[in-house]
Every structure is written in structure tokens, then in C-alpha cells.
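Novice: I'll drop the sequence and a predicted model, then ask my questions.
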Amino acid sequence: MIFKSSLVRQIVVGVTLTGSVLLTQTAFAFADDDARRAIVDLRQQIKVLTEANQRARIQLADQIEGLEQEVARLRGEMEQLTRPGGAGNAANAAGGGRAPDARSQDPREQSAFDQSMETFRKGQYKETIQNLTAFMTLYPDSALAPTAQFYLGSSRYALKDFKGAMGTLQAMVQKYPTQQRAPDALLMVAACQIELNNRPGAKVTLQRIIKDYKGTPAADTAAKRLPLLQ
């Protein structure tokens, strides 16, 4: 009888140990499946992030290329403005092709405008803002006023005063909608809106450039930038 009880206890212990081993193996199996799923999920997340990073790099490259082209264009214009007679050329452009009467133009007006363009060319944007603000106060009806207002907004943008730049440039376009710099001013307005996280507003501005200034370089640039905001 004692032998049977001992045998029964051994069998029970053996079954218990076997069950424990099986449970442990099952737990390991479940843990292994969880680990595999976690690895698969992690790989998928890495893939998504990699693809998003690649798209962002492509978009950034396009934006940098556009900015480089814009900087090159502005440098060329600055060189023209700083040459002898440059202000007269700018006035011609600002007047929509109407040649100004150089004999009746105030030399002080030319000097004030040239000084502003010189500080802009040197990257002295705070000084440019001061100079252009004074210029526009003294010569509000100048043929150079639209150009002065454009570079006033550009200087504020360079200083990351995006709200100030946007207000200046929008006022310029409203007052001089047919001036040759109007579409470029709107491009900068769209850039300000993007910086201020107003992407819907930027889309509307780019669409306006494409519609109202069709055939201009600014319209071509707007058409390239618009898909990046979709």
C-alpha cells in the first residue's frame, strides 16, 4: 500500500513537471511570436520613415534649387542697380516700361534709393529696412516706390519677420498689381505663409500667381511648388 502511494506521488510529480515544461515551452512560443511580430512592425515603420525621408529630401532639393535660382536672379539685378544709371533702369521697370525723365528726377531720390540697394546687396537688412522706410516716406509717389516696397518686404523676410514681410508684400501687390515684381512678391507671400504653417493660404496664393500672371517665371515656379503642398 505504501509502495502504491509512493508510486502515485511519483506519477503526479512527473505529470506536474511535464505540464510545467509544456506550459513553459508554450509561453516561449507565444513570446517568440510576439517578438517576430514586433520585428516585422519595426521594419515596416523603418521602411515608411525611410520613404518619407527620401520624399522630404527630394522636396528640399527642389526648394533649394528654386532658392538658388532666385538668389542668382536677385544678385544680377543688384549688380545692375549698383551700376551707373542703375536706379534709372529700376525706375523704368517699376514704371511698367515708361522711361522716366532723368532731368526732372531728384538726385537725392536716386542717392537714397541707391544707398538702400547697397545695404541690401551687402546683407545689411536692418539698415535696408530703415533706409527704404525713410525713402518711401520722402518719395511716396516715386516711380521707384514699388521696387522699394518689394525689397522692404524681402528684407523683412530675410530677417524671418514673416508676418511683417507678408503684410508689406501684399500691400505692394494690392497697390501695384501690374508691376513686374508683383508675381515675385506673391511668391514670397506664399513662402511666408508656409513658414507660418498656413499651407492652405499658400496654395491659394500660388494658384493666384498661376492664374493672374500666366507665362511669367513666377507662374512657372508656382506651378512647381504647388504639388509640394498637396
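Specialist: Yep, it's here.

Novice: Distance of the closest residue to Arg199 other than its chain neighbours relative to Gln193?
Specialist: Once flanking residues are discounted, Arg199 sits nearest to Leu229: 5.3 Å by CB to CB, 6 or more residues apart in numbering. In this view, the C-beta of every residue, glycine as well, is placed from N, C-alpha and C. According to CB to CB, to the nearest Å, Leu229 and Gln193 sit 10 Å apart.

Novice: between those two, which one's more packed in?
Specialist: Gln193 (21 against 13; other CB atoms under 10 Å).

Novice: Would you state the helices of the chain in chain order?
Specialist: Using DSSP state H, the helices of the chain run over residues 2-82, 86-94, 107-121, 125-138, 145-158, 162-175, 182-195, 199-212, 217-225.

Novice: Lowest mean pLDDT across these, which one is that?
Specialist: When those are ranked by mean pLDDT, helix 86-94 comes last with a mean of 43.

Novice: Now do Gln170 against Gln110, distance only.
Specialist: 28 Å.

Novice: Ile39 now?
Specialist: For Ile39 relative to Gln110 (CB to CB), the value is 71 Å.

Novice: Look at the two and report which has more neighbours.
Specialist: A direct count of neighbours by other CB under 10 Å for Ile39 and Gln110 places Gln110 higher, at 19 against 10.

Novice: and the spatially closest residue to Glu127 that is not a sequence neighbour, how many neighbours?
Specialist: Nearest in space to Glu127, with sequence neighbours left out and distances taken as CB to CB, 6+ apart, is Thr119 at 4.3 Å. Neighbourhood size, Thr119 [other CB under 10 Å]: 19.

Novice: Can you name the residues that contact Thr119?
Specialist: The contact partners of Thr119, taken as CB atoms under 8 Å, 6 or more residues apart in numbering, are Tyr125, Glu127, Thr128, Asn131.

Novice: Out of these, the closest to Gln44 would be?
Specialist: Set against Gln44, the nearest of these by CB to CB is Tyr125 (46.4 Å).

Novice: contacting residues for the nearest residue to that closest one once chain neighbours are set aside?
Specialist: If the residues on either side of it in the chain are set aside, Tyr125 comes closest to Ser155, at 4.1 Å by CB to CB, 6+ apart. When the contact criterion is CB under 8 Å, 6+ apart, the partners of Ser155 are Phe120, Tyr125, Lys126, Thr128, Ile129, Leu132.

Novice: one more time with 10 Å
Specialist: 116, 119-120, 123-133, 161, 164-165, 168 (CB atoms under 10 Å, 6 or more residues apart in numbering).

Novice: what sits against the nearest residue to Ala191 once chain neighbours are set aside?
Specialist: Excluding its sequence neighbours, the residue lying closest to Ala191 (CB to CB, 6+ apart) is Tyr157, at 7.1 Å. Residues near Tyr157 by CB under 10 Å, 6+ apart: Tyr125, Gly164, Ala165, Met166, Thr168, Leu169, Met188, Val189, Ala191, Cys192, Glu195.

Novice: Repeat that for Met136.
Specialist: Ala112, Ser116, Ser142, Leu144, Ala145, Ala148, Gln149, Leu152.

Novice: so which pair among these is furthest apart in space?
Specialist: Largest separation among those by CB to CB: Ala112 and Gln149, giving 14.2 Å.

Novice: what about the residue nearest to Ala191, distance to Arg36?
Specialist: Following CB to CB, the distance that separates Tyr157 from Arg36 is 52 Å.

Novice: same deal with Ser142?
Specialist: Ser142 is 74 Å from Arg36, by CB to CB.

Novice: what about the two, which has more around it?
Specialist: More crowded of Ser142 and Arg36, by other CB under 10 Å: Ser142, with 22 against 10.
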